[in-house]
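Peer 1: make a model of this:
(one chain, ligands or ions: 2)
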Amino acid sequence: MNIALLTLLADAKPHTYSQICQTLALDSATLMTELEQLQQSGIQLIKEEQHCYWLPTAELLDRDFLQQALPHNHLIIKPVIDSTNQYVLDHLRELANNSVCLAEYQTAGRGRRGRKWLSPFAGQVILSFYRTFAKDIPLSGLSLAIGIAVARALTLLNFQQVQLKWPNDIWLAGKKLGGILIEMKQHSDLSHYQVVIGIGLNVALPTEITLDQPIAMLSQQQKIDRNLVIKELILQLNSVLDLFSEQGLTPLLAEWQQYDLFYQQPVKLLLEKQQLSGIEQGITAQGELLLQTEQGEIKAFAIGEISLRGKE
Ligand code: ATP
Ligand code: BTN
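Peer 2: Ligands and ions are numbered 1, 2, ... in the order given. Model prediction:
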């Protein structure tokens, strides 16, 4: 896919073919092939005699609306990027605390443990929030606190059956809606951790998209402007992060349990070399998962190379 071409068209305004060829140093036959390729990857283009433009399947990110609604967060909005988490990691020195990077499309979106995160154009909320934390604050429960911020935002916007799957997934009506990816840098000379909180949420994806697990999207419950979702989400992140910085996960535990997808359900834990079955018993203030094993013991599991699944 020609990312430079996609970036140029991402403003959804008409561009003449001659202007595109000039800007990108392409001949017109190559331009036609590249446009064809964009169309084949699900990007709707309207090609007219002199010009073409991208026809968004959803409204675009609205910088003016968002920046006005979120005066305490510096926003960086990119039409096309490799990964918003990577952008923030690469710009930690310049970014103010609570800055947020948003994008329409990621060419290399990533999930936990290096898995691929699919980000169709203008079909998702793609967001990375930069936050610093004093070094004495334990961060092991951070992704669970972030889950609460997402669940609160969606519930306030009237979405039904919002659930959280330990440690980093957001579910809607029984399917995966999105995920959280936390990455950080620890400078020994700094008094704080520099943390990037990445969130991906499906809003409206092209129907031809299939993944290795069933997926949910917000548009299945109501038609909603992505900008409203982003605004509410960042407001909730601001408030949950302030609370977490002062008191950790403890004040959020009861609420997490209300959203817990598998609370008191039979589950299996996929560890590196073995699989364990039991009944899920919620989480601890350190963000560990509690499992009542088949022998009746309650064991705690820290977030790491471990996955939780329902028991069929
Ligand atoms: P776990 O976190 O329990 O190990 P997981 O399957 O949720 O399991 P993650 O690493 O959290 O895995 O997320 C990456 C996975 O998310 C991918 O392997 C893919 O199945 C799924 N995925 C990728 N893009 C999307 C998307 N847009 N919407 C929903 N799911 C997606
Ligand atoms: C997961 O389920 O494993 C987490 C997915 C996190 C995806 C988001 S999209 C914004 C940010 N940028 C990335 O490359 N990943 C996160």
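
Peer 1: C-alpha from now on. contacts and neighbour counts both.
Peer 2: Will do.

Peer 1: now the closest residue to residue 89 other than its chain neighbours: which helix or strand?
Peer 2: Nearest residue to residue 89, sequence neighbours excluded (Cα to Cα, 6 or more residues apart in numbering): residue 196, at 7.0 Å. Assigned by DSSP states H and E, residue 196 belongs to strand 192-202.

Peer 1: give the pairing partners of that strand; include direction for each.
Peer 2: Sheet pairing of strand 192-202 (DSSP bridges) gives strand 124-134 (antiparallel), strand 175-186 (antiparallel).

Peer 1: so for the helix or strand following it, what gets flagged as buried?
Peer 2: Using DSSP H and E, the helix or strand that follows strand 192-202 towards the C-terminus is helix 226-247. The neighbour-count check on helix 226-247 (16 or more other Cα atoms under 10 Å) flags 226-238, 240-241, 243-245 as buried.

Peer 1: so which of the residues you listed reach ligand 2?
Peer 2: Among the buried residues of helix 226-247, none lies close to ligand 2 by the criterion of Cα under 6 Å from any ligand atom.

Peer 1: how about the residues of this structure that lie near ligand 2?
Peer 2: So far as Cα under 6 Å from any ligand atom goes, the chain lies against ligand 2 at 83-85, 109-112, 117, 126-128, 169, 178-181, 198-200.

Peer 1: drop anything exposed from those residues.
Peer 2: For the residues of the chain next to ligand 2, a burial check counting by 16+ other Cα under 10 Å picks out 83-85, 109-111, 117, 126-128, 169, 178-181, 198-200.

Peer 1: ok, and what's touching stretch 5-14?
Peer 2: Contact partners of stretch 5-14, identified using Cα atoms under 8 Å, 6 or more residues apart in numbering, comprise 15, 20, 24, 38, 51-56, 79-80.

Peer 1: got JSON lines for those residues, with distance to residue 161, pLDDT and secondary structure too?
Peer 2: Putting those into JSON lines (distance: Cα to Cα, whole Å; pLDDT from 0 to 100; DSSP: H, G, I helix; E, B strand; the rest coil) gives the following:
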{"residue": "15", "distance to residue 161": "43", "pLDDT": "95", "secondary structure": "strand"}
{"residue": "20", "distance to residue 161": "46", "pLDDT": "95", "secondary structure": "helix"}
{"residue": "24", "distance to residue 161": "46", "pLDDT": "94", "secondary structure": "helix"}
{"residue": "38", "distance to residue 161": "35", "pLDDT": "85", "secondary structure": "helix"}
{"residue": "51", "distance to residue 161": "45", "pLDDT": "93", "secondary structure": "strand"}
{"residue": "52", "distance to residue 161": "41", "pLDDT": "92", "secondary structure": "strand"}
{"residue": "53", "distance to residue 161": "38", "pLDDT": "89", "secondary structure": "strand"}
{"residue": "54", "distance to residue 161": "34", "pLDDT": "84", "secondary structure": "strand"}
{"residue": "55", "distance to residue 161": "32", "pLDDT": "80", "secondary structure": "coil"}
{"residue": "56", "distance to residue 161": "28", "pLDDT": "73", "secondary structure": "coil"}
{"residue": "79", "distance to residue 161": "31", "pLDDT": "85", "secondary structure": "strand"}
{"residue": "80", "distance to residue 161": "31", "pLDDT": "86", "secondary structure": "strand"}
